[in-house]
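1. Below is the sequence, then the predicted model.
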Amino acid sequence: MSPQFAIIGGGVMGEVLSRAVIASGLFAPEAVLVLDHNANKLRKLQQEIGISVTTSLAEVATSPIILLAVKPDNAAKVLQELNQSPLAPDLLCISIMAGIPLDFMAHFFPPQTALIRVMTNTPCQVQAGMSVLALNPHVTVTQTALTERIFGAVGECMVLPEKYLDAVTGLSGSGPGFVFLIVDALIEGGVLQGLPRATARQLVLQTLIGSAKLMQQTDRHPAQLRDMVTSPGGTTIAGIQVMEEYKIRATLLKTVETATRRSAQLGEQNAARINREGSAHGE
């Protein structure tokens with residue numbers, strides 16, 4: 001069987017997605033081809049899940065579905081090589097390269113090429129990710145559904161206009177880092193009050209998981225759920241008073257705003273760098 005789904009980049013996300021599409025039954029192992037320059041990593045992946053592997057970009061270029069899972073720093077080289085390669089006539093190219101806009105990518109592909117840009121996050125590693133898809137006008141309903149199934153294998157996904165992707169990056173893309181910092185602080189708070197660290201960790205993690213499930217399953221506004229646990233003169237309102245005094249709410253609002261702005265800046269820098277490198281190579 002010739003490869004139907006080629007992944008350029010065998011890093012964390014490339015490996016996670018290759019394993020997920022096989023485990024979900026979306027693709028047979030022999031239909032998945034992964035390219036990476038780390039031969040040891042490829043050999044390990046091939047032995048464990050039975051995929052095809054390669055270190056040659058020309059070998060993956062003819063696949064009908066190509067996933068670009070390389071770092072933005074390597075985007076110029078990959079896009080230029082694809083631009084010079086024979087591609088499948090009805091190619092669907094999916095990019096998880098941060099900060100590379102759809103209209104910029106389109107310069108490296110034939111007209112009418114279906115392009116999808118995806119912002120995902122690290123909980124994909126445990127099938128609990130959040131992925132947002134932005135489509136160019138040439139993506140069909142069938143291609144959209146297939147991409148939703150690919151990223152649905154590692155969590156939840158939705159389709160949004162590309163103009164929202166910087167905000168998505170600032171919120172759910174960077175969000176795990178913000179959550180981990182908050183969780184770490186809560187654990188330290190428990191330790192400060194005399195709890196063993198392992199106990200504090202378990203208490204915090206289950207509280208976080210339980211709170212998220214409660215919001216999902218009741219679909220109530222967070223303020224309503226907060227009121228349910230905030231008794232007059234009780235411990236929760238005493239703690240919330242401190243959070244308000246230290247402007248936790250304002251800090252989080254500013255955190256997402258700053259991360260969103262940084263995402264836009266990085267996108268502009270990445271596009272400018274790729275443009276310079278492409279010009280230097282005569283593109």
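-> On my side now, so go ahead.

2. count of residues packed around Val60?
-> Neighbour count of Val60, defined by other C-beta atoms under 10 Å: 21. From N, CA and C alone the C-beta is placed, and that goes for glycine too.

3. and the closest residue to Arg262 other than its chain neighbours, how many residues sit next to it?
-> In this structure, Arg262 finds its nearest non-sequential neighbour in Gly170, 7.5 Å apart by C-beta to C-beta, 6 or more residues apart in numbering. As a burial measure, Gly170 scores 22 neighbours (other C-beta under 10 Å).

4. Check the gap between Gly170 and Glu257 for me.
-> Using C-beta to C-beta, to the nearest Å, Gly170 is found at 7 Å from Glu257.

5. what does Ile209 give?
-> Per C-beta to C-beta, Ile209 is found 27 Å from Glu257.

6. Please apply the same query to Leu82.
-> With C-beta to C-beta as the criterion, Leu82 and Glu257 are 35 Å apart.

7. what about the two, which has more around it?
-> A side-by-side neighbour count of Leu82 and Glu257, using other C-beta under 10 Å, places Leu82 first with 21 against 12.

8. for the residue nearest to Arg262, what are its contacts?
-> 256-263 (C-beta atoms under 8 Å, 6 or more residues apart in numbering).

9. does Val34 sit in a helix or strand, and which one?
-> In the assignment (DSSP states H and E), Val34 maps to strand 32-35.

10. so for that strand, what's the average pLDDT?
-> Averaged across strand 32-35, pLDDT comes to 95.

11. Name the surrounding residues that touch it.
-> Counting by C-beta under 8 Å, 6+ apart, 3-10, 14-15, 18, 21-22, 42, 45, 51-57, 59-60, 63 sit against strand 32-35.
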